[in-house]
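Chemist: Provide a 3D model corresponding to the input given below.
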Amino acid sequence: MQANAKQLPEDYVLVLQQINEDGGDGFDDLAEALNIERGRLGHIVQSLYHKGLIMIDYAASRESWMSLSTKGKRFVTYLWPESNRSYGY
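Modeler: Okay, here's the model as predicted:
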């Protein structure tokens, strides 16, 4: 896998984790949830996008919507295997 946990800074991993937990996030919601400055978050989002770990939908509304790509989902499952478990209640 091209991207690995050792190559990603902690705040990048936290962004991936938050998007995974929410199933997707708007830029403003993500910045607020993680308490990250918008400029820093913009840099992180662009980097994760270029690594192929997230998708960005600009057409959904005026705000960009981010979700994990297939590669991003595999990466998150690699980092947190328990995140892929489904529990039948």
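Chemist: what about the strands in this structure?
Modeler: Applying DSSP state E to the chain gives strands spanning 25-26, 54-57, 65-68.
Chemist: which of those strands sits closest to Q7?
Modeler: Minimum separation from Q7 across those (C-beta to C-beta) falls at strand 54-57, 15.7 Å. C-beta: built from backbone N, CA, C; applies to glycine.
Chemist: partners of that closest one in the sheet?
Modeler: strand 65-68 (antiparallel) (DSSP bridges).
Chemist: and the partner strand, which residues are buried?
Modeler: Buried positions in strand 65-68, judged by neighbour count with 16 or more other C-beta atoms under 10 Å: 65-68.
Chemist: what's next to it, contact-wise?
Modeler: Contact with strand 65-68 is made by 16, 19-20, 23-27, 30, 45, 53-57, 76, as judged by C-beta atoms under 8 Å, 6 or more residues apart in numbering.
Chemist: what subset of the residues you listed is buried?
Modeler: Among the contacts of strand 65-68, those classed as buried by 16+ other C-beta under 10 Å are 16, 19-20, 24-27, 30, 45, 53-55, 76.
Chemist: what would the strands of the chain look like in JSON lines with distance to Q7?
Modeler: Compiled in JSON lines, the strands of the chain are given as follows (distance: least, C-beta to C-beta, whole Å):
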{"stretch": "strand 25-26", "distance to Q7": "22"}
{"stretch": "strand 54-57", "distance to Q7": "16"}
{"stretch": "strand 65-68", "distance to Q7": "17"}
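Chemist: I appreciate the help and will end here.
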